[in-house]
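1. based on what follows, work out the 3D shape:
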Amino acid sequence: MFFRCISALLFLSLLSPVADAFQPPANQANAAPPTGRIPRGSGKIDGPPVKKVDPAGLADVKKSAAKIDELIEANYKKHGVTGNAAITDAVFCRRVWLHLGGRIPKLEEVTQFLQSKDPEKRSHLIDQLLSSHDHVSHMFNYWANILRLQDHPINANQIAQPYHEWIKKSLAENTPYDQWVTQMITAEGRIWDNPAAGYSMRDSGMDLDHMDNTVQVFLGTQIGCAQCHDHPFDRWTQKEFYQMAAFLYPTQTRVGVADKKRFPSGNPVERVRNEMKEIDPNYNVNGAFGRMLNANLFVVTENPLRRLKLPHDYQYDNAKADEAVTAKPIFGADAKINKGDSPKAVFAKWLTAPENPRFAKNIANRMWKKAFGIGLIEPANDIRDESECSNPELLDYLTSELIRLKYDVRELQRIICHTQVWQRSAQVREVTDEGLYQFPGPTLHRMTAEQLWDSLLTMAVYNFESFTRPTSDGLAKTIGLDLDKATAAVVRKAAEDYEATFSTTAQRKLTQARNSYKNRTVLARASELPVPLPSDHFLRQFGQGDRELIEAANTDGNVSQILAMFNGEITHMMLEAGSVIFDDTVKAKTVNDRIDVIFLSILSRKATTSEETIAKAEIKDSGNAGYGNVIWALINTKEFLFIQ
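-> Numbers count the residues shown, from 1 in each chain. Okay, here's the model as predicted:
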């Protein structure tokens, strides 16, 4: 472990005046928790119910896990690798909470687990977490990074929150992965009527990029270079790219104001704006008023007669410039579009078919990488014909298992967490290490920004899970307009109602009043915060991306992270009366008990003998403030920041 002995030098170097704020009364073990400036949740979670894992499937899960371990062991022998030692219950508890729940366990959660004598307690905890709102929140963060989720993409005119809520609902219901992807690809309509349409809307106006992004996300393959010329590092030609893009080219995400079939009364935007200017010449017809008009123009439709043509400067001899292309997959079985077929439905069927050589393989590799910190194929988002796989038999097995499970990605995660290899000690793998990784254990890696933020909230805020984002329920009734018939007064009313209830300003006002610290920092899980956040927010400092590029997040270190952990508002807050860890420490009866509370709350384990000796010496020297010094030192250790 990184932190098997705290040096006295570490304590002295980390001491800060903020620790003086930690002043637990000498004899208040039985007193009620003190109140403070930190908001407390109600304990109720406003979200869709989570479908439970089927306990009857545990025997099959263990059988599949054993097969994975068998394939791993065979690779050990082949490459002369020895597996790492099995992890302790304490390490397992922390690892599985972070991996499946997106946060460290609370004091009572880790204590209950460590004290349990149930021989199946690891299996029970895995199933509990997979059936929890914690897992939904964590997986939403995972997919938000891949799907580039933003609250208001495309010049702030889209309103994407219904799409985000639909993703959470799909995760809670454990919608089979192939069905989930199909729904996103084929959805039509306005986002508040059919939220899955948000997937196509995210790339509004980017017809070619939309296919490039879709292939990268769902097939783990990058074909973008072939958009302008034959791919220099892969086998895709420019013509093949255009043939692939032709499947989704008929999909449009915005209706034109000149569409006389939809708007027989003429251009609705021009008409309503002119009408508003006649009513009030000084009224701002851009702003919220304009956003209502633009939002109602975002409608996903499909026109099969819309044909994609090769670029005017096409230079290869296998086709002519400006020639219309026929949709054709880049690999796998053919997918012909017959008369009356929906091109995107044909594409979705080809994409998600069990016969597709990369659809199931891609998500299986992604889930393995999520669990171990490195994929069986790397880079996981750039799979090529010549890509090396560290264990081809294992990847084939994971792929076949996912298909057997009817694309139940959650059940695949359940299997992986039951393997012996996932329950081995973490391996330090340097950036400079060469060769394929043979998985003696998961790689040691830092928490994501979201895991770190949610873990700090776990120690600071009571029932923080209750602070969910204000819902978009009622949005359709508020802003869904028939633009051909809408009057200026109707649009103005919709704009005013939207601004009062659903706008970023309205949501910020509500959350600041309900769950902010000092009316500044909104205390809610990362999955319940606006996206993207400002660049100076804690989450962005620790690597949350701006959601412009696929998987833009990172876990790289920087100076601002050190400052945020040393002097940031959330770390200050933990040492105040009313924070969970403050109150739990105060309630403990003895110095030894308080030290146990601190270590279990932060590192999910008790202190070693040497650590306890150092902690006691610090508390003796500094008095009650010493407890704050211990807390502050521990949250600034690598052991806290990294997943072992």
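
2. could you pull up the mean pLDDT of stretch 120-129?
-> Confidence for stretch 120-129, expressed as mean pLDDT, is 98.

3. my bad, should have said stretch 595-605
-> In this model, stretch 595-605 carries a mean pLDDT of 98.

4. what sits up against it?
-> Contacts with stretch 595-605, where a contact means CB atoms under 8 Å, 6 or more residues apart in numbering, come from 3, 88, 90-91, 93-94, 97, 104-107, 110-111, 459, 580-581, 584-585, 588, 606-607, 611-612, 615-616, 619, 627, 630-631, 634-635, 639-640. Every residue, glycine included, has its C-beta placed from N, CA and C.

5. just stretch 198-208 next, same as before
-> The contact list for stretch 198-208 (CB under 8 Å, 6+ apart) reads 147-150, 153-154, 158, 160, 162-164, 166, 184-185, 187, 191, 209-210, 213, 227, 241, 245, 248-249, 251, 253-254, 298, 300, 308.

6. among those residues, name the ones in helices.
-> Within those, residues falling in helices by DSSP state H are Leu147, Pro162, Tyr163, His164, Trp166, Met184, Ile185, Asp209, His210, Asn213, Phe241, Ala245.

7. against Ala172, how distant is the fourth one?
-> Distance of His164 to Ala172, given as CB to CB, to the nearest Å: 13 Å.

8. tell me who's in contact with Arg492.
-> Contacts of Arg492 by CB under 8 Å, 6+ apart are Met276, Tyr283, Phe289.

9. burial measure for the last one, as a count.
-> For Phe289, the neighbour count with other CB atoms under 10 Å is 21.

10. same check, this time on the first one
-> In terms of burial, Met276 registers 19 neighbours under the definition other CB under 10 Å.

11. is it true that it touches Val490?
-> No: with contact defined as CB atoms under 8 Å, Met276 and Val490 do not form a contacting pair (10.7 Å).

12. span of stretch 228-244 from start to end?
-> By CA to CA, to the nearest Å, the extent of stretch 228-244 from end to end equals 14 Å.

13. now that stretch: buried residues?
-> Neighbour counts over stretch 228-244 (16 or more other CB atoms under 10 Å) mark Asp230, His231, Asp234, Trp236, Thr237, Gln238, Lys239, Glu240, Phe241, Tyr242, Gln243, Met244 as buried.

14. out of the residues you listed, who's nearest Ala426?
-> When the buried residues of stretch 228-244 are compared for distance to Ala426 (CB to CB), Asp234 wins out at 33.5 Å.

15. SS state for the closest one?
-> What DSSP: H, G, I helix; E, B strand; the rest coil gives for Asp234 is coil.

16. just Glu611 next, same as before
-> Per three-state DSSP, the secondary structure class of Glu611 is helix.

17. for Met459, see how far away it is.
-> Noted for Glu611: a distance of 18 Å to Met459, by CB to CB.

18. between the two, who's got more neighbours?
-> Under the criterion of other CB under 10 Å, the comparison of Glu611 against Met459 puts Met459 first, with 25 against 20.

19. centre of the chain to the helix or strand in which Gln561 is found, how far?
-> Taking DSSP states H and E as the criterion, Gln561 maps to helix 559-567. On the basis of CA atoms, centre = their mean, to the nearest Å, helix 559-567 is displaced by 23 Å from the centre of the chain it belongs to.

20. now that helix: buried residues?
-> By neighbour count on 16+ other CB under 10 Å, the buried set for helix 559-567 is Gln561, Ala564, Met565.

21. can you check stretch 403-423 too?
-> Residues of stretch 403-423 classed as buried by neighbour count (16+ other CB under 10 Å): 403, 405, 407-423.

22. quick one: Met447 and Leu98 touch, right?
-> Yes: under the criterion of CB under 8 Å, Met447 makes contact with Leu98 at 6.5 Å.

23. rewinding a little: pick the one among the ones in helices among the contacts of stretch 198-208 closest to Ala553.
-> For these, the nearest to Ala553 is Leu147 (12.3 Å; CB to CB).

24. that closest one and Val217 touch, don't they?
-> Yes: proximity of Leu147 to Val217 meets the contact threshold set by CB under 8 Å, at 6.9 Å.

25. okay, now the unreliable bits of the stretch 1-150 of the chain?
-> For the stretch 1-150 of the chain, the stretches with pLDDT under 70 are 1-36.

26. ok so, going back, format the buried residues of stretch 228-244 as CSV; extra columns: pLDDT and distance to Leu523.
-> Listed next are those as CSV, based on pLDDT from 0 to 100; distance: CB to CB, whole Å:
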residue, pLDDT, distance to Leu523
Asp230, 88, 52
His231, 83, 47
Asp234, 80, 46
Trp236, 88, 47
Thr237, 94, 52
Gln238, 94, 50
Lys239, 95, 53
Glu240, 95, 50
Phe241, 95, 46
Tyr242, 97, 49
Gln243, 97, 50
Met244, 96, 45
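
27. quick one: mean pLDDT for stretch 566-573?
-> Taken as a whole, stretch 566-573 has an average pLDDT of 87.

28. list the buried ones in that stretch?
-> Buried, per 16+ other CB under 10 Å, within stretch 566-573: Gly568, Ile570, Thr571, His572, Met573.

29. where along the stretch 301-450 of the chain do the helices fall?
-> 343-352, 359-372, 392-404, 409-417, 449-460 (DSSP state H, counting those that start in this stretch).

30. for the shortest one, name the packing helices and strands.
-> Where contact means 3 or more CB pairs under 8 Å, 6 or more residues apart in numbering; DSSP states H and E, helix 409-417 is packed against helix 58-79, helix 121-130, helix 359-372, helix 392-404.

31. most tightly surrounded among those?
-> When you average the neighbours per residue for each of these (mean count of other CB atoms under 10 Å), helix 359-372 leads with a mean of 22.

32. quick one: that helix to helix 58-79, angle?
-> With axes from the mean of the first three to the mean of the last three CA atoms, to 10 degrees as the basis, helix 359-372 and helix 58-79 are set at 80 degrees to each other.

33. where does the spatially most central residue of the chain fall, phi/psi-wise?
-> The residue at the geometric middle of the chain, judged as the C-alpha nearest the mean C-alpha position with CA atoms, centre = their mean, is Asn141 (1.5 Å). Recorded main-chain torsions at Asn141 are phi -60, psi -40, according to degrees, to the nearest 10.
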